[in-house]
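**Student:** Here is my input, please return the structure:
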Amino acid sequence: MTKTVLSGDGVTPERFHSLQLWCVAAFLPDDVKQARFPAAKAKGFYLSTPAFTQWLRHKNRVGAKRLIAPDVVLECPQAADSEKQKPSLWQPEPALQDRNYGAWCGQKLSDLPAEDLVQFLHQPDFSPLMGESLNVFQARVSDWVSGWNDCGVLLARPAVIKAIAAHVLQVGSQISHRLDLDEGTVSLFTRHAGQWRVRRLGALFTDER
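**Tutor:** The predicted structure follows:
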């Protein structure tokens with residue numbers, strides 16, 4: 001397994017000692033801040049800044065794969081036009097979108113039956129109509145992690161990153177309710193000799209430079 005290190009205008013391959021997956025937690029749609037489940041087409045976002053670009057370079061991930069969940073957009077207000085016109089720089093990963101809340105998408109929590117919300121929080125096999133249960137969501141993310149065999153940066157919503165952590169720790173899906181992961185933070189998962197590890201979870205971006 002190799003990584004690429006920028007050197008002037010070219011790249012120099014360098015051997016990885018272990019697989020590294022850096023996960024950046026995107027900011028959630030406004031729906032969530034209004035105590036609603038996110039609408040089906042709502043997008044989370046991450047605001048790219050010069051510091052973020054520098055972070056990518058500092059971690060030697062500019063030449064590695066960049067992955068983005070389909071329910072997240074990367075906003076680059078200060079990027080050059082040539083950079084904005086290169087969507088292929090980030091590879092969409094459909095398997096890493098947030099949980100599907102089905103008929104609950106866009107609904108206020110206060111408008112839903114209390115007994116359904118209790119099941120939603122405490123029964124991992126419960127699913128909203130036409131939606132996913134927590135266990136099904138976890139299985140989708142776990143399947144992707146099991147098949148991932150490269151190094152890169154992932155931009156996804158916090159729930160997805162917590163599901164990755166649950167898979168790595170080999171614990172049940174409900175552990176996600178006990179993990180606090182702030183928007184805009186960075187987590188690192190590594191794999192060495194076939195074993196995944198949680199190297200860092202929810203670190204402040206300023207600590208990661």
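**Student:** mind listing what I161 touches?
**Tutor:** Applying C-beta atoms under 8 Å, 6 or more residues apart in numbering, we find I161 in contact with 23, 25, 154, 181, 187. Glycine gets a C-beta too; all of them are placed from N, C-alpha and C.
**Student:** From L74, how far off is the third one?
**Tutor:** This points to L154. 12 Å (C-beta to C-beta, to the nearest Å).
**Student:** swap in the second one?
**Tutor:** A25 sits 13 Å away from L74 when distances are taken as C-beta to C-beta.
**Student:** same question, the first one
**Tutor:** With the distance defined as C-beta to C-beta, C23 ends up 14 Å from L74.
**Student:** And for W148, the neighbour number?
**Tutor:** When counting by other C-beta atoms under 10 Å, one arrives at 20 neighbours for W148.
**Student:** and if you look at K65?
**Tutor:** 15.
**Student:** cool, L179 as well?
**Tutor:** L179: 16 neighbours (other C-beta under 10 Å).
**Student:** check contacts around it.
**Tutor:** By C-beta under 8 Å, 6+ apart, the neighbours of L179 are 162, 165-166, 201.
**Student:** Just flag the most distant two among these.
**Tutor:** Within the contacts of L179, two members stand farthest from each other by C-beta to C-beta: A166 and L201, at 11.2 Å.
**Student:** if I look at the residue nearest to E75 when sequence neighbours are not counted, how far off is D30?
**Tutor:** Spatially, and ignoring its direct neighbours in sequence, E75 is nearest to L47 (5.0 Å; C-beta to C-beta, 6 or more residues apart in numbering). According to C-beta to C-beta, L47 and D30 sit 14 Å apart.
**Student:** Just give the number of residues close to C105.
**Tutor:** Neighbour tally, C105, other C-beta under 10 Å: 18.
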